[in-house]
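A.B. asks: Have a look at this prediction, sequence included:
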Amino acid sequence: MQKNLLKLILVLVVISFVAVPYVILAPERAREKAEEERLFKEEIARTTAEKKTYLLGKFDPSVWPDFVQIPFEYTVARTKMYLRKETYASYEKMRNEALKSDIILNIASAARNFDYQKMLWNNKWNGITLVEGQKLPEIFPDELERFRKILEYSAAPGTSRHHWGTDIDINGADSIYFDSEKGQKEYAWLHQNAWKFGFCQTYDQKGPNRASGYNEEKWHWSYLPLSVNFTEEYKNLIKEEDIKGFLGEEYVPSFNLINNYVLSINPDCV
C-alpha cells in the first residue's frame, strides 16, 4: 500500500515538473505567435501597398532604382525619358538590329507616371490639347461621351501600361504617321522582328479576339518578360475605387476600365 502511495506521489511530482513550465510559458508563446502573425500581416499589407503604388504609376521613375534614362539621341523629341532597365536593354538591341535594315526606331514616349498621365488626360478633357484638331468640350459637352472619346487612344491616369516602364511608343503616336510609306516600312519590320526581343504590339485591331478597349496602336509595344507579370498583378490588386484623382473620375464606373481597357489587349501579349 505504501509502495503504491509512493509511486503515485512520484508520478504527481514528475507531472508537476512537466506541467508547471508549460502553464507558465504557454501565454508567452501565444503572445509571441500573435506578434509574429501581426508582423506578417503588416509585411503583406506593406508589400501590397507598394505594388499598388507602382502599378498605378504613383512614383517618380527618374529616381526609381529599376529605371534608367534613355539617351537623348534615341528619343523623338530629345527629351528626358525613362524605362525599366530590362526594357531599355532589349529595346537597344532591337534598335541596333533594325539599323542593319536602315530602320531607325526612336522612342516617342516611354514611362509616364500618374501625374504625367493626369496632365495629358486633363488637357484633353479641358480642351487645352486638341483631339483630331478640335476642342473636346465643344464637340462633347456631354462629359460621359467626352470620357469615351478620350479613351479611344488615351488611358485614364492609373490605368496606363506606360506607368510600368515596360511599354514604349515608337517613332510616333498616331495612325497618320504609320499610314505613310516610312511608317509602313517601320511597322512591317516591327511586326516581323519585335517578338525576337520580347516586344509585342499591345493594341492590335479590335475584333473577335479583342472586342473592347483602345483602338489599334501600331506604335505601342510592350516588353513581355516584365509586362505579363504586371498585368496579372494589376488584375489581382487594383480595384475600380483605386482609379481616381483626375477630371471626369466620376464616370469611371461607367466603363469597367480594368476589364474593358487595361486587360483588353492583344492576346499574344498575355
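C.D. replies: Perfect, I can see it now.
A.B. asks: Show me where the stretch 1-150 of the chain dips below the pLDDT cut-off.
C.D. replies: 1-25, 35-40, 42 (pLDDT under 70).
A.B. asks: Next, give phi and psi for residue 90.
C.D. replies: phi -70, psi -40 (degrees, to the nearest 10).
A.B. asks: How many residues are close by it?
C.D. replies: Counted with other Cβ atoms under 10 Å, the neighbours of residue 90 add up to 21. Using the backbone N, CA and C atoms, a C-beta is placed for each residue, glycine as well.
A.B. asks: Could you pull up the residues touching it?
C.D. replies: Residue 90 makes contacts with 197-199, 223, 225, as judged by Cβ atoms under 8 Å, 6 or more residues apart in numbering.
A.B. asks: Please apply the same query to residue 216.
C.D. replies: 175, 203-206.
A.B. asks: rerun that using 10 Å as the cut-off
C.D. replies: When contacts are counted by Cβ atoms under 10 Å, 6 or more residues apart in numbering, residue 216 touches 153, 175, 178, 201-207, 210, 266.
A.B. asks: and what of residue 236?
C.D. replies: 48, 51, 55.
A.B. asks: By the neighbour-count criterion, which of the residues you listed qualify as buried?
C.D. replies: By neighbour count, with 16 or more other Cβ atoms under 10 Å, the contacts of residue 236 hold 51, 55 as buried.
A.B. asks: JSON lines please, covering the contacts of residue 236 and showing distance to residue 61 and secondary structure.
C.D. replies: Putting the contacts of residue 236 into JSON lines (distance: Cβ to Cβ, whole Å; DSSP: H, G, I helix; E, B strand; the rest coil) gives the following:
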{"residue": "48", "distance to residue 61": "21", "secondary structure": "helix"}
{"residue": "51", "distance to residue 61": "16", "secondary structure": "helix"}
{"residue": "55", "distance to residue 61": "13", "secondary structure": "helix"}
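A.B. asks: tell me which of the contacts of residue 236 is nearest to residue 119?
C.D. replies: Nearest to residue 119 among those: residue 55, at 19.4 Å, using Cβ to Cβ.
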